[in-house]
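Enquirer: need coordinates for the below:
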Amino acid sequence: MTEMRFRDARRRDALVARLCARCGTTRQKVTRIFGAAQDITERKRVEEAMTTERSLLRTLVDNLPDSVYVKDLAGRKTLANPADIRKMGVASAAEALGKTDFEVFPPDLAATFDADDQHVIQTGQPVLNREERFILPDGSQGWQLTSKAPLRDRAGQVIGLIGIGHDITERKRAEEALRENEARLRHLRARQ
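Expert: The predicted model follows:
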């Protein structure tokens with residue numbers, strides 16, 4: 001099958017898929033040829049639009065500073081953007097994909113993440129802006145605002161989840177420093 005461009009009767013560019021086959025031959029001579037053509041202009045337009053949209057979405061996801069990920073029903077990552085890959089402490093998407101939280105994080109933390117995941121998957125209800133502790137690749141504690149929503153197929157069945165984690169570690173550290181300073185100030189005032 002070959003594709004070819006042409007101008008239709010209204011002078012518009014169009015694409016056609018063409019198939020030709022020899023049907024009958026006698027002594028090295030073709031006696032009949034069968035051919036069929038189908039206008040594939042609309043199909044190609046839709047394919048190009050989908051490719052453009054997919055590229056746009058992937059560019060957006062890959063350049064967000066927040067962790068963005070997708071998990072299947074078993075809790076395995078099927079998509080992880082660069083921010084999520086860094087948070088997991090792995091070198092590449094290939095190392096992140098297919099893994100569960102239990103393979104990446106300490107057991108107690110993984111169990112917390114998994115409980116949230118299962119709640120979203122079983123109820124079909126999102127979890128929005130939940131503060132969660134996590135362990136940074138260097139072993140220190142971090143904090144993030146997590147949102148998770150069910151991922152559904154065309155029939156509306158939950159087939160996994162999509163999650164976003166916004167790192168609020170610096171904010172939490174600043175809040176803690178502020179609390180400590182306020183406590184010192186109260187202590188100094190009490191001594192006067």
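Enquirer: now this structure, which segments are flagged as low pLDDT?
Expert: Flagging of the chain using pLDDT under 70 yields the residue ranges 8-9, 20, 22-26, 30-31, 34.
Enquirer: and it, what are its domains?
Expert: Segmentation of the chain into domains, based on automatic domain parsing, reads 1-63, 65-175.
Enquirer: who touches stretch 133-146?
Expert: Contacts to stretch 133-146, defined as C-beta atoms under 8 Å, 6 or more residues apart in numbering, come from residues 67, 86-89, 105-106, 109, 116, 127, 129-132, 163-169, 171-172. For the C-beta atoms, the positions are set from N, CA and C on the backbone; glycine is no exception.
Enquirer: correction: stretch 78-87
Expert: Outside stretch 78-87, the residues touching it (C-beta under 8 Å, 6+ apart) are 61-62, 64-72, 77, 88, 91-93, 95-98, 134, 136-137, 142, 160, 165, 167.
Enquirer: phi first, then psi, for residue 11.
Expert: With angles defined as degrees, to the nearest 10, residue 11 sits at phi 70, psi 30.
Enquirer: quick one, strands of the protein?
Expert: 2-7, 13-26, 29-39, 67-72, 77-80, 127-135, 141-152, 158-167 (DSSP state E).
Enquirer: figure out which of these is closest to residue 54.
Expert: strand 77-80 (12.2 Å; C-beta to C-beta).
Enquirer: quick one: strands adjacent to that closest one?
Expert: strand 67-72 (antiparallel) (DSSP bridges).
Enquirer: for the nearest residue to residue 18 once chain neighbours are set aside, give me its contacts.
Expert: For residue 18, ignoring the flanking residues on the chain, the nearest one in space by C-beta to C-beta, 6 or more residues apart in numbering is residue 37 at 4.8 Å. Shown in contact with residue 37 (C-beta under 8 Å, 6+ apart): 16-19.
Enquirer: ChimeraX command to pick out the buried ones of the contacts of stretch 133-146?
Expert: Selection of buried members from the contacts of stretch 133-146 for ChimeraX, criterion 16 or more other C-beta atoms under 10 Å:
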select :67,86,87,88,105,109,116,127,132,163,164,165,166,167,168,172
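Enquirer: of the domains of the chain, which stretch is the most buried?
Expert: The highest average neighbour count among those, using mean count of other C-beta atoms under 10 Å, belongs to domain 65-175 at a mean of 16.
Enquirer: how long is that domain end to end?
Expert: Terminal residues of domain 65-175 lie 22 Å apart, using C-alpha to C-alpha, to the nearest Å.
Enquirer: same deal with stretch 99-109?
Expert: Termini of stretch 99-109 sit 15 Å apart (C-alpha to C-alpha).
Enquirer: identify the residues contacting that stretch?
Expert: 74-77, 88-90, 110-111, 113-114, 117, 133-135.
Enquirer: equivalent analysis for stretch 42-62, please.
Expert: 15, 68, 79, 81-82.
Enquirer: kindly indicate which of the residues you listed lies nearest residue 122.
Expert: When the contacts of stretch 42-62 are compared against residue 122 (criterion: C-beta to C-beta), the nearest one is residue 79, at 21.2 Å.
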